[in-house]
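**Student:** Let me see the structure of the following:
(4 chains)
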There are 2 protein chains.
Amino acid sequence: MADVAREAGVGTMTVSRALRSPEQVSEKIRARITDAVRKLNYIPNTAAGTLRSNRSHMVAAIVPTISHSIFADTIEAMSEVLQRAGFHLVIGQSNYGLDQEEALIRTFIARQPEAIVVTGYTHTPAAAALLKSSGLPVVEIWNTCSSPIDASVGISNFDASHAMTRFLLQRGYRRIGYIGGLKRGNDRTVQREAGYRAALSEGGIPYERELIQRAPFDYDAGAKALVQLLARRPDIDCIFAASDILAIGVLLEANRQGIAVPERLAVAGFDDVGLAERMSPPLTTIRFPRKAIGQMAADLIVERLQGRAREQRVVELGFELVERQST
Amino acid sequence: MADVAREAGVGTMTVSRALRSPEQVSEKIRARITDAVRKLNYIPNTAAGTLRSNRSHMVAAIVPTISHSIFADTIEAMSEVLQRAGFHLVIGQSNYGLDQEEALIRTFIARQPEAIVVTGYTHTPAAAALLKSSGLPVVEIWNTCSSPIDASVGISNFDASHAMTRFLLQRGYRRIGYIGGLKRGNDRTVQREAGYRAALSEGGIPYERELIQRAPFDYDAGAKALVQLLARRPDIDCIFAASDILAIGVLLEANRQGIAVPERLAVAGFDDVGLAERMSPPLTTIRFPRKAIGQMAADLIVERLQGRAREQRVVELGFELVERQST
DNA sequence: ATCGCGTCTGATATCGATACCAACGGCGGT
DNA sequence: ACCGCCGTTGGTATCGATATCAGACGCGAT
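**Tutor:** The predicted structure follows:
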């Protein structure tokens, strides 16, 4: 930067201002500076700026994985909003592990982000303490939480799962098998399973452990889970999978085995991924605003960083039960 | 850090060493320091360290989008290898735009990464100049390039597309429709189309513009492209789509219209996404090592940063034609 | 006892941009 | 003519960790 200042015949402060707040520099000098910048191919050193100003123009987000398109959608939307406001989004993958999340939070904080986004509201005690004491805006996304660390944006996974299960009961299904995610520290999974159980119990159907199968989130796991459930309880008349990926695995396996859907076996999913409506039969599922979650989280952060606080700390964006031909 | 030093009764340098290269500090003092760190919840400020040492422990990668699982796979693999070596991966999305790529490269360089990964070998002149003059290790992934800026890891998209087209001709298909991506500045798309045309011409089949349809990468675009192609040329007997997403869109649309695959219309894709083998009929496609690309790119970078250069600048990882029932 | 070497520790300068404050010139108001 | 304000500019200290070098200490060899 000193080189640019010399080249333009001004002080370093003026160069700094010309780049960060051009309106404070006279047009004439600003032109000289931009010329010098171009001529010398000058690129400022963010580390120095961050160190002095405590502003990194960076927001950190932690998701379980980006391979799953549902998180990718949210990230993409969040990234766009932040970019427009002059922030960079840095992404970390916890791989569904709370310890990994904690480690990521630690290294992220070391990089001085201006806000942190985490997925879910379940964290290690140390992670929660780190987030709280960081003094940064923190947004917990995906599953709303009544008492967030700071702010929370998402839907009630409990309500959504509850609504779907109630719907299936209304349709007359009685032996509803449930395929859920592995749930070490995953509150979405926990809440979805709780919603299923609550709706069953309200419907007067006893809870049966045999009807529940847990699986990682991939097509094959869904297929395998169906096989296992049917082996245990051949009288199952409906499957509710806590993720469309699993539900699609179930559908594909049912097709393979010639099981008629929905006549012999109804199938419902959760997420409404792009493929859901294109399956045969099209999949009944829960749709929720993945992009809006990202946008809203980013909006909250940007407002916060611009001093415009907001009363509302918990934003529940709502879901929609999309009824298609698989049920 | 000064606080930690005081608490532990040592100098700041010793604290710094205890954290960065513990073997240089006696066990006794190291213990005092780690205690102090824990007690004060000290987290070092990366910006300061980066500024002084010129080491950010960060690698930047730019991909078109992370919503597409094929890029997510590569990123995930790359991220893992880098993490193990003590680096953070920071991801940027160019959204298939060369100008956006250039802008990202600029802001990334400002953050002092230790290496940069970009997708493809097509860049704006300014972007190429930035990369070259940055003096950083640069890896261009996905599509190998004979004269890379620095290093290149991927497959020959031309060869892969060429091989598939040749295979389709051998199977006896003669009116091969081609659905490709939009190709402003996308060398993968360009090379795949070129491979298709080269194989046709070698097979003595004249090139027909009517047989080519370009589309964005989503299921609906694939479906729509099929409709348009069939409207123009009802005698098409085979579709080669430059991406499985498009091919799956074609398959779904064919199923919907009751077009028999492969009897009336063969379909081939490119990428071998998880769903390809689970479609009905399972999709013939090109499989290539998406994870290995990420790992290899990361390996090259790590070796480079540890001073262990490598002769080979272009790593071609090879592809595989996976023949299934759709052709 | 002395020397030399290796191991460990600390004081200080430094990385590059920016916060903070001072200074300067021009201009309108009294 | 003088004052004071605003818009603009530059000098200097500073953010926090680390490179660099010097010093302290222990231990074996002579």
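**Student:** is stretch A:94-108 up against DNA strand D anywhere?
**Tutor:** No: using C-beta under 7 Å from any atom of the strand, stretch A:94-108 stays clear of DNA strand D, coming no nearer than 12.9 Å. To be clear about C-beta, it is placed using only N, CA and C from the backbone, and glycine gets the same treatment.
**Student:** mind checking how far that stretch is from the chain centre?
**Tutor:** 15 Å (C-alpha atoms, centre = their mean, to the nearest Å).
**Student:** Same question for it: list its buried residues.
**Tutor:** Of the residues in stretch A:94-108, A:94, A:96-98, A:100-105, A:107-108 count as buried by neighbour count, 16 or more other C-beta atoms under 10 Å in any protein chain shown.
**Student:** What's the local residue count around residue A:204?
**Tutor:** Using other C-beta atoms under 10 Å in any protein chain shown, the number of residues around residue A:204 comes to 7.
**Student:** For the residue in chain A that DNA strand C sits nearest to, give me its contacts.
**Tutor:** Closest to DNA strand C within chain A is residue A:1: 2.5 Å, counting by C-beta to the nearest atom of the strand. Taking C-beta atoms under 8 Å, 6 or more residues apart in numbering or on different chains, we find residue A:1 in contact with A:12, A:15-16, A:42, A:44-45.
**Student:** Now do it against residue A:63, distance only.
**Tutor:** For residue A:1, the distance to residue A:63 (C-beta to C-beta, to the nearest Å) stands at 36 Å.
**Student:** same check, this time on residue A:80
**Tutor:** 16 Å.
**Student:** if we look at chain B, which of the contacts of residue A:1 are close to it?
**Tutor:** Contacts with chain B within the contacts of residue A:1, counted by C-beta under 8 Å from any C-beta of the partner chain: A:44-45.
**Student:** could you flag which of the contacts of residue A:1 are buried?
**Tutor:** Buried by 16+ other C-beta under 10 Å: A:15-16, A:42, A:44-45, out of those.
**Student:** in terms of contact, does residue A:299 touch residue A:82 like I think?
**Tutor:** No: with contacts counted by C-beta atoms under 8 Å, residue A:299 stays clear of residue A:82, the gap being 9.6 Å.
**Student:** quick one: stretch A:6-13 to chain centroid distance?
**Tutor:** With C-alpha atoms, centre = their mean as the basis, stretch A:6-13 stands 46 Å off its chain's centre.
**Student:** go on, stretch A:153-163?
**Tutor:** The chain centre lies 14 Å from the centre of stretch A:153-163; the measure is C-alpha atoms, centre = their mean.
**Student:** For stretch A:285-301, list every residue counted as buried.
**Tutor:** For stretch A:285-301, the neighbour count (16+ other C-beta under 10 Å) marks A:285-290, A:292-301 as buried.
**Student:** residues from chain A in reach of DNA strand D?
**Tutor:** Proximity of chain A to DNA strand D, by C-beta under 7 Å from any atom of the strand, involves residues A:9-14, A:17, A:24-26, A:28-29, A:48, A:51-52.
**Student:** Pull the most distant pair out of these.
**Tutor:** For these, the farthest-apart pair by C-beta to C-beta is A:28 and A:51; their separation is 31.1 Å.
**Student:** of these two, who's got more company?
**Tutor:** Neighbours were counted for residue A:28 and for residue A:51 using other C-beta under 10 Å; residue A:51 has more, 19 against 8.
**Student:** nearest spatial neighbour of the more buried one, skipping sequence neighbours?
**Tutor:** residue B:47 (4.4 Å; C-beta to C-beta, 6 or more residues apart in numbering or on different chains).
**Student:** ok, which stretches of the stretch 151-300 of chain A are strands?
**Tutor:** Along the stretch 151-300 of chain A, counting by DSSP state E, counting those that start in this stretch, strands occupy A:151-155, A:176-181, A:212-215, A:238-241, A:266-268, A:285-287.
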